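Peer 1: Sequence below, structure please.
(chains A, B, C and D)
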Protein chains: 2
Amino acid sequence: MNLNKNSKRRKELVAIAARLFCDQGYESTTVRMLADAMGIKSGSLFHHFNDKQEILFSVIEAGMQHAMQIATQAICELEQPRERLMALARAHLSTLLEDRDAHVVAIYEWRSLTEASRQELVKLRDAYESIWSQVIAECHGAGLIQGNQGLQRRLALGALNWTVQWYRPGVGLEPDDLAAELVAMVLREDACGK
Amino acid sequence: MNLNKNSKRRKELVAIAARLFCDQGYESTTVRMLADAMGIKSGSLFHHFNDKQEILFSVIEAGMQHAMQIATQAICELEQPRERLMALARAHLSTLLEDRDAHVVAIYEWRSLTEASRQELVKLRDAYESIWSQVIAECHGAGLIQGNQGLQRRLALGALNWTVQWYRPGVGLEPDDLAAELVAMVLREDACGK
DNA sequence: CATAAAACCGAGCAAGCGCTAGTTAACGCA
DNA sequence: TGCGTTAACTAGCGCTTGCTCGGTTTTATG
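Peer 2: Residues are numbered from 1 along each chain as shown, chains lettered A, B, ... in the order given. Model (predicted):
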């Protein structure tokens, strides 16, 4: 079979699959449910994807690629380390909200990927995290913070990623405020101003 | 059927189930796999549990109850807010490592619980988080930190819970060092001492 | 407007799923 | 010795799962 990975139709299907996988989990979402939500019959699904797992892979891949793009764009014209860290935090939150389905799936359904798929996605994730490593290193260089850089990156990304568990925008706290609080925490600045 | 919820055998089975659910996910773990790992036949499983979902519930419940116990015990004899926060962070990491299987399952398989089970476990989780709220409030009272308390609790617990994604003890970083770094971050203390 | 490619349908297979029913074996206690 | 309880067994039912396949419709292109 010869599948067109960049077809417009396929991207629509991936977005629909993301929503279902996010809501019900990968294993609990059957190909029939996917097909129903897509307005086609279950057999037709395999015209677009070789197997169910490939749908999962595509969902996560799309989310990661978009995150990468947003992050790169967010910091490319900034020079001050603190500004760049803030922009990165905002960009991260913004993709987490915008592509919430895909990122929730990435977090929860990692296990269901084949080993080959996992390895490919690990590369994407490493590339993304290296941006964070870079900017945190800049903050260290500017004397804004000291200590274990890898640990700080992980704690920061952990706190951010965990927001999918509880944060809903528009209920009191704005995303930018959340990003500001995180940056203040990472850089150990007093919260007296707020 | 009359199941003994506190039987020793049942606790063993719950621990075994935790390992399998953690490694492969709830949906991907069949009752036959569980039975195999337990050294019994699949039918015999239902002598101990009413259905598969009840096993999942028991795994998560056990993990939460233990976490609660460890946390309460860790801070009961301490009075200084900073000490209590540090003890709480250490206790949290310690249960996260000790009962790693159960906590990973709690994070990943929440969705697969019935609504009734979820509600019961939410009570346990709220009780646990209220300990954190209490200690963070004490830190505010002592002037150690200012700002949005609920947000700080969530960012802190998020950073800690996310450690299951990357942290392996014995590889460079000790749990106590990790807890110390987190407390320093939450309390916005300079990391110059390290 | 002819033709190829892409998208989809409908029926169904083989395997595996959670769970049930009825039975047996071992043990403590009267 | 006899009885109730607990824990295990065997066999399999009814259903769902991911996926296949041959054929049909729709869409895009020169």
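Peer 1: May I ask you to name the longest helix in chain A?
Peer 2: Secondary structure of chain A per DSSP state H: the longest helix is helix A:115-141.
Peer 1: what stretches of chain A score poorly on pLDDT?
Peer 2: By pLDDT under 70, the weakly predicted segments of chain A are A:1-3, A:191-194.
Peer 1: about what we covered before: pull out the buried positions in the longest helix of chain A.
Peer 2: A:117, A:121, A:124, A:125, A:128, A:131, A:132, A:135, A:136, A:138, A:139 (16 or more other Cβ atoms under 10 Å in any protein chain shown). C-beta: built from backbone N, CA, C; applies to glycine.
Peer 1: I'd assumed residue A:57 was in contact with the first one.
Peer 2: Which is residue A:117. Yes - if you go by Cβ atoms under 8 Å, residue A:117 and residue A:57 touch, sitting 4.5 Å apart.
Peer 1: interface residues of chain A facing chain B?
Peer 2: Taking Cβ under 8 Å from any Cβ of the partner chain as the criterion, the neighbours of chain B within chain A are A:24-25, A:27-28, A:108, A:111-112, A:145-148, A:151-152, A:154-163, A:165-167, A:173, A:178, A:181-182, A:184-186, A:188-192, A:194.
Peer 1: switch the cut-off to 6 Å
Peer 2: Contact residues, chain A versus chain B (Cβ under 6 Å from any Cβ of the partner chain): A:25, A:27-28, A:108, A:111, A:146-147, A:151, A:154-155, A:158-159, A:162, A:166, A:181, A:185, A:188, A:190-192, A:194.
Peer 1: which residues does the residue nearest the centre of chain A contact?
Peer 2: Centroid-nearest residue in chain A, with Cα atoms, centre = their mean: residue A:103, separated by 4.4 Å. Counting by Cβ atoms under 6 Å, 6 or more residues apart in numbering or on different chains, residue A:103 touches A:63, A:96.
Peer 1: 7 Å instead, please
Peer 2: By Cβ atoms under 7 Å, 6 or more residues apart in numbering or on different chains, the contact set of residue A:103 is A:63, A:95, A:96, A:164.
Peer 1: what do you get for residue A:178?
Peer 2: By Cβ under 7 Å, 6+ apart, the contact list for residue A:178 reads A:93, A:167.
Peer 1: what helix or strand is it on?
Peer 2: Counting by DSSP states H and E, the element that carries residue A:178 is helix A:175-186.
Peer 1: just how off-centre is that helix within its chain?
Peer 2: 18 Å (Cα atoms, centre = their mean, to the nearest Å).
Peer 1: Could you measure from residue A:35 over to residue B:168?
Peer 2: 41 Å (Cβ to Cβ, to the nearest Å).
Peer 1: Equivalent analysis for residue A:185, please.
Peer 2: Taken as Cβ to Cβ, the span from residue A:185 to residue B:168 is 24 Å.
Peer 1: And for residue A:152?
Peer 2: From residue A:152 to residue B:168 the distance is 18 Å (Cβ to Cβ).
Peer 1: Who has more neighbours out of these two?
Peer 2: The neighbour count for residue A:152 versus residue B:168, taken as other Cβ atoms under 10 Å in any protein chain shown, is higher for residue A:152 (23 against 9).
Peer 1: I'd assumed residue A:186 was in contact with the more buried one.
Peer 2: Yes - applying Cβ atoms under 7 Å as the test, residue A:152 and residue A:186 come out as touching, 6.2 Å apart.
Peer 1: element containing whatever residue of chain A ends up closest to DNA strand C?
Peer 2: Among all residues of chain A, residue A:43 sits closest to DNA strand C, at 2.2 Å; criterion: Cβ to the nearest atom of the strand. Element membership of residue A:43 [criterion: DSSP H and E] is helix A:42-48.
Peer 1: does any bit of whatever helix or strand comes next after that helix sit next to DNA strand D?
Peer 2: The helix or strand immediately downstream of helix A:42-48 is helix A:52-75, counting by DSSP H and E. Yes - Helix A:52-75 reaches DNA strand D (Cβ under 7 Å from any atom of the strand) through A:52, A:53.
Peer 1: and helix A:52-75 with DNA strand C, contact?
Peer 2: No - for helix A:52-75, no contact with DNA strand C is found by Cβ under 7 Å from any atom of the strand; the gap never falls below 13.2 Å.
Peer 1: neighbouring contacts of that helix?
Peer 2: A:14, A:17-18, A:21, A:26, A:31, A:49, A:84, A:87-88, A:90-92, A:94-95, A:99, A:102-103, A:105-106, A:109, A:112-114, A:117, A:121, A:124-125, A:127-128, A:131, A:135.
Peer 1: Please compute how far the helix or strand following that helix lies from its chain's middle.
Peer 2: Using DSSP H and E, the helix or strand that directly follows helix A:52-75 along the chain is helix A:81-98. Averaging C-alpha positions (Cα atoms, centre = their mean) puts helix A:81-98 12 Å from its chain's average.
Peer 1: need the residues of chain A near DNA strand C, please.
Peer 2: Checking chain A against DNA strand C by Cβ under 7 Å from any atom of the strand, the hits are A:2, A:4, A:7, A:9-10, A:35, A:39-44, A:47-48.
Peer 1: Just give the number of residues close to residue A:40.
Peer 2: Going by other Cβ under 10 Å, the residues that sit close to residue A:40 add up to 15.
Peer 1: swap that for residue A:94, please
Peer 2: 18.
Peer 1: residue contacts, it?
Peer 2: Applying Cβ under 7 Å, 6+ apart, the residues near residue A:94 are A:70, A:175.
Peer 1: Next one: it from residue A:160, what distance?
Peer 2: Distance from residue A:94 to residue A:160, by Cβ to Cβ: 11 Å.
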